[in-house]
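Colleague: A structural model of the following input is requested.
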Amino acid sequence: MTTNKIRQALEDNIKPQTIIAVDASTNSLAFSYFTNGKLVKYGKIRFNGTDALYKSGDACKKAIQLFKMVNADALVIESAIYSNSPKTAMQLSLVQGAILGAAQVAGIKNIKTITPMQWQNYIGTKLLSISEKQEIVRKNPGKSKSWYKGEERKTRKQRTIDSVNKNFKVKITDDDVADAIGVGWYVSDRWNMLYNA
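Modeller: Okay, here's the model as predicted:
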C-alpha cells in the first residue's frame with residue numbers, strides 16, 4: 001500500500017462528526033441527520049414526476065438542496081435490495097444514482113452504503129422467528145404466501161418504528177423515516193464496522 005492509500009484509509013476510518021443517513025425509494029427520500037452521535041433532524045422528501053426518469057431528476061435537485069442545507073461530513077445510503085421486479089430494481093437504481101450524484105455535487109466526500117440486515121440486526125429488528133411466522137398464520141388462516149410475507153414485513157417495520165421511538169424519544173409514524181433513523185443510529189454507533197464491511 002502506498003503512503004497516500006494508507007493515509008486515505010486512516011482518514012476514511014475516522015468517524016465523521018456529521019452524518020446524513022438515507023433510505024431511498026422510487027418515490028421518496030427519507031433521511032436522518034446525526035451530529036456527534038445525536039439525532040438532530042429527520043424527515044422525508046417526496047419526488048415529483050410520472051416516470052422514473054423524471055423522478056430521478058427531481059430526486060437529484062431536491063437531494064442537492066438537502067445535502068447543502070445540512071452540510072454533512074458523510075452520507076450513508078441503504079443499498080438496494082433484490083427485487084423480483086426488474087422494473088422496480090431499475091427505477092430504484094436511477095433514484096439512488098441521482099442521490100449519490102447529488103451528494104458529490106453538494107461536496108460530501110465520504111459516501112458509504114449499508115445493507116438492511118446490518119442496521120436492522122443492530123437495532124433489534126431481526127427477521128421473524130419460525131414461531132412468530134407460525135403465529136401470524138395461526139391468527140390469519142387461509143391467506144396467500146404473499147399476504148403472509150406482507151404481514152411479516154409490517155411486523156418488522158412496526159418494530160423498527162417502536163425501537164426508534166423508544167431510543168430517541170420521538171413519535172415517528174412513517175416507516176421510511178424510521179428506517180433512515182435506524183441507518184443513522186447504526187452508523188453513528190458503529191462507523192468502524194461500516195468501514196470494515
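
Colleague: show me where the chain has helices.
Modeller: Taking DSSP state H as the criterion, the chain contains helices spanning 3-13, 52-70, 86-105, 116-123, 130-139, 145-168, 175-189, 191-196.

Colleague: out of those helices, deepest packed?
Modeller: Looking across the helices of the chain with neighbours counted as mean count of other CB atoms under 10 Å, the highest average goes to helix 175-189: a mean of 24. From N, CA and C alone the C-beta is placed, and that goes for glycine too.

Colleague: got a list of what the residue nearest the centre of the chain touches?
Modeller: When CA atoms, centre = their mean is applied to the chain, the residue found nearest the centroid is Asp23 (3.0 Å). By CB atoms under 8 Å, 6 or more residues apart in numbering, the residues touching Asp23 are 29-31, 77-78, 176-177, 179-180, 183.

Colleague: bridging residues for it?
Modeller: Beta bridges link Asp23 to Ala30, judged by DSSP bridges.

Colleague: excluding chain neighbours, what is closest to Lys157?
Modeller: Spatial nearest neighbour of Lys157, excluding adjacent residues (CB to CB, 6 or more residues apart in numbering): Asp175 at 4.2 Å.

Colleague: surely the one you found is in contact with Thr160?
Modeller: Yes: with contact defined as CB atoms under 8 Å, Asp175 and Thr160 form a contacting pair (6.7 Å).

Colleague: which of the helices of the chain sits closest to Tyr42?
Modeller: Minimum separation from Tyr42 across these (CB to CB) falls at helix 175-189, 5.6 Å.

Colleague: could you give me the average pLDDT of the closest one?
Modeller: Per-residue pLDDT over helix 175-189 has a mean of 95.

Colleague: which strands or helices does that helix pack on?
Modeller: Contacts defined by 3 or more CB pairs under 8 Å, 6 or more residues apart in numbering; DSSP states H and E place helix 175-189 against strand 18-24, strand 28-35, strand 38-46, strand 74-78, strand 110-114, helix 116-123, helix 145-168.

Colleague: got these as CSV, with mean pLDDT columns?
Modeller: Formatted as CSV, the helices and strands packed on helix 175-189 follow (pLDDT from 0 to 100):
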stretch, mean pLDDT
strand 18-24, 96
strand 28-35, 97
strand 38-46, 97
strand 74-78, 94
strand 110-114, 92
helix 116-123, 91
helix 145-168, 92
